[in-house]
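Participant: Mind folding the following:
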Amino acid sequence: MAPATPVPSAVRGAVGHTTTLAERKRRAGQRLILGLAGPSLDDEQRSFFREVQPAGFIHFARNIESAEQIAELNRELVDLSPDDRPPLLSIDQEGGRVQRLKNTPWPSMRALGNLADLPTTRQVAAAMADELRATGFNLNFAPVCDVDSNPKNPVIGDRSFGKRPAEVAAQAVAFLEGLHSHGLIGCAKHFPGHGDTSVDSHLALPVVDKELGELREVELPPFAAMVKAGVGMVMSSHVLFPDLDRDLPATLSEKVLKRLLRDDLGYNGVVISDDLEMKAVRGRWAVPELVELATRATVDLFCVGRSFEHDLTLSGALFEALVRSQEAEPALDRAALDATRRLWALRLRFLRNPPPAPDRAVVGGPAFRALAAFVRARGAEAGVA
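Facilitator: Predicted coordinates for the structure are as follows:
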């Protein structure tokens, strides 16, 4: 994207009757990150993406067969997207048990945390960024900023850098710096913290019954450090924090996202929801209500990871609800405009003048595999289970 790229119509204009239906549809599409069914596109997917023009796409292991194949798929997704709105091409590449591109067996974040060497953390993140950019990605949903404070947690565990907030904060910032230094967008997740849950939000709605003071001591320091370090994206958690909001999980809570993240921590970047197909939220709120609540809470992007694996019901319903919410009242129209403006600012910051993409030969290359093996071995020596 060239420096002189004009601001697209999706992020221009006022609210209310001066906003056209076409503009509302563009803004609605630009608030969606969608998953694909498999390693290639079919005509149904191409047609839907041309119509909706989503902000971007998320890939899972089911979408990746090889470095060459995923690079070609990402290239096709770029070609399907408007020139003035290049897509966010995203992946969960944390290392350990959560990595979708498997050419290099990257260690878990816990291995890095136990190694406790910030330059090595930056080096690993930079290497991961090189592999991802070489295959067409520009966004990694990492690092995990959750503090591993509950030994019964079924979903975080060694995905966290550790059990001490200050150490998690330092590691997360170093990881972010490594991604940024090699041209990749990072994302702090899962705000305001998924580390003290005993329930997997993929399966049910977790509850963290802590007072705000304790959250400020344990859960929030890594996120505060990431905001200060200039993170461009934060992912919300589908977790209920009754001391903050007795009724709504973080993704849908104005008290959590707007007041705590944006007002208290001073974050003004993009907020993306965790996957809306997770059972912590899906089916608990009707789609129009979910869209309204999340929009008021200042969620900018709605993630649907399996939009094509089953059917298009949720993706299509979200798109329609996002269009209609802008018509419902000026406050929601303004919120949609603010969301697309924050997304535009993210693109300008990271996608306008990216460094040249690394050669695809680096993916799974001997240097990266040796680095991964070194960290795994030293992390094990430091006490990784």
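Participant: all contacts plus neighbour counts: C-alpha atoms, from now on.
Facilitator: Will do.
Participant: any idea of the pLDDT on the spatially most central residue of the chain?
Facilitator: Residue closest to the average C-alpha location in the chain (CA atoms, centre = their mean): Phe141, at 4.3 Å. At Phe141, the predicted lDDT confidence score is 98.
Participant: Same check on the one 10 residues further on?
Facilitator: For Pro151, the pLDDT comes out at 84.
Participant: and the nearest residue to it once chain neighbours are set aside, how far is that from Ser108?
Facilitator: Leaving aside its sequence neighbours, Pro151 sits nearest to Gly157 (CA to CA, 6 or more residues apart in numbering; 7.4 Å). Per CA to CA, to the nearest Å, Gly157 is found 10 Å from Ser108.
Participant: swap in Leu343?
Facilitator: 30 Å.
Participant: Ok, Ser181 next?
Facilitator: Distance from Ser181 to Ser108, by CA to CA: 21 Å.
Participant: what about those two, which has more around it?
Facilitator: Per other CA atoms under 10 Å, whichever of Ser181 and Ser108 has more neighbours is Ser108, with 23 against 16.
Participant: Now for the more buried one: which residues touch it?
Facilitator: Going by CA atoms under 8 Å, 6 or more residues apart in numbering, Ser108 touches 94-97, 158-159, 376.
Participant: and if we set it to 10 Å?
Facilitator: 94-99, 158-161, 372, 375-376, 379, 384 (CA atoms under 10 Å, 6 or more residues apart in numbering).
Participant: Just among these, which is most surrounded?
Facilitator: Of these, with other CA under 10 Å as the count, Phe161 tops at 30 neighbours.
Participant: ok so it is a strand residue?
Facilitator: No. Counting by DSSP: H, G, I helix; E, B strand; the rest coil, Phe161 is not part of a strand but coil.
Participant: Quick check on it: phi, psi?
Facilitator: phi -70, psi -20 (degrees, to the nearest 10).
Participant: Model confidence score at Pro8, please.
Facilitator: For Pro8, pLDDT reads 60.
Participant: repeat for Cys187
Facilitator: 98.
Participant: Just confirm it contacts Ala229, I think it does.
Facilitator: No. Cys187 lies out of contact with Ala229 (CA atoms under 10 Å); the separation is 11.7 Å.
Participant: With neighbour numbers in mind, choose between the two.
Facilitator: Cys187 (24 against 14).
Participant: From Pro143, how far off is the more buried one?
Facilitator: Cys187 is 6 Å from Pro143, by CA to CA.
Participant: which neighbours do the two share?
Facilitator: Counting by CA under 10 Å, 6+ apart, the residues touching both Cys187 and Pro143 are 92, 176, 179, 226.
Participant: from those residues, which single one is nearest Gln123?
Facilitator: Distances from Gln123 to those, taken as CA to CA, are shortest for Leu179 (9.1 Å).
Participant: how many other residues sit next to that closest one?
Facilitator: Other residues close to Leu179 by other CA under 10 Å number 28.
Participant: same thing with Gly38?
Facilitator: 17.
Participant: show me the contacts for the spatially closest residue to it that is not a sequence neighbour.
Facilitator: Of all residues not flanking Gly38 in the chain, Asn63 sits nearest, at 4.6 Å (CA to CA, 6+ apart). Asn63 makes contact with 35-41, 69-70, 73, 100-101 under the criterion CA under 10 Å, 6+ apart.
Participant: between the residues you listed, which is closest to Leu220?
Facilitator: Using CA to CA, those come closest to Leu220 at Arg100, 27.7 Å.
Participant: so the closest one touches Ala67, yeah?
Facilitator: No. The pair Arg100 / Ala67 is not scored as a contact, 11.2 Å apart, by CA under 10 Å.
Participant: Distance of Lys279 relative to Leu205?
Facilitator: Lys279 is 7 Å from Leu205, by CA to CA.
Participant: which neighbours do these two share?
Facilitator: His238.
Participant: Just checking, which helix or strand succeeds the helix or strand in which Gln171 is found along the chain?
Facilitator: Taking DSSP states H and E as the criterion, Gln171 maps to helix 165-181. With elements assigned by DSSP H and E, the helix or strand that comes after helix 165-181 is strand 188-191.
Participant: then the helix or strand that comes right after that next one to CSV, C-alphas only?
Facilitator: Scanning forward in sequence from strand 188-191 by DSSP H and E, the next helix or strand is helix 212-217. Output in CSV follows, covering the C-alpha atoms of helix 212-217 (Å, rounded to 0.1, in the frame of the first residue of the first chain):
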residue,chain,number,x,y,z
LEU,A,212,-10.4,-5.4,40.4
GLY,A,213,-7.5,-4.8,42.7
GLU,A,214,-6.3,-8.4,42.3
LEU,A,215,-6.8,-8.2,38.5
ARG,A,216,-4.6,-5.1,38.5
GLU,A,217,-1.9,-7.0,40.4
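Participant: Show me what helix 212-217 is packed up against.
Facilitator: helix 165-181, helix 220-229 (3 or more CA pairs under 10 Å, 6 or more residues apart in numbering; DSSP states H and E).
Participant: who wins for proximity to Gly364 among those helices?
Facilitator: Comparing the helices and strands packed on helix 212-217 under CA to CA, the one sitting nearest is helix 165-181, at 17.3 Å.
Participant: how about the strands of the protein, start to end?
Facilitator: 32-35, 56-59, 88-91, 93-95, 98-99, 139-140, 188-191, 233-236, 270-272, 302-304 (DSSP state E).
Participant: ok now the longest helix belonging to the chain, how far from the chain's centre?
Facilitator: Longest helix of the chain, by residue count under DSSP state H: helix 330-351. From the chain centre to the centre of helix 330-351 is a distance of 16 Å (CA atoms, centre = their mean, to the nearest Å).
Participant: So what angle separates the directions of it and helix 165-181?
Facilitator: Interaxial angle, helix 330-351 versus helix 165-181 (axes from the mean of the first three to the mean of the last three CA atoms, to 10 degrees): 70 degrees.
Participant: start the count at 38, not 1, going forward
Facilitator: With the count now opening at 38, the last piece we talked about shows up as helix 367-388.
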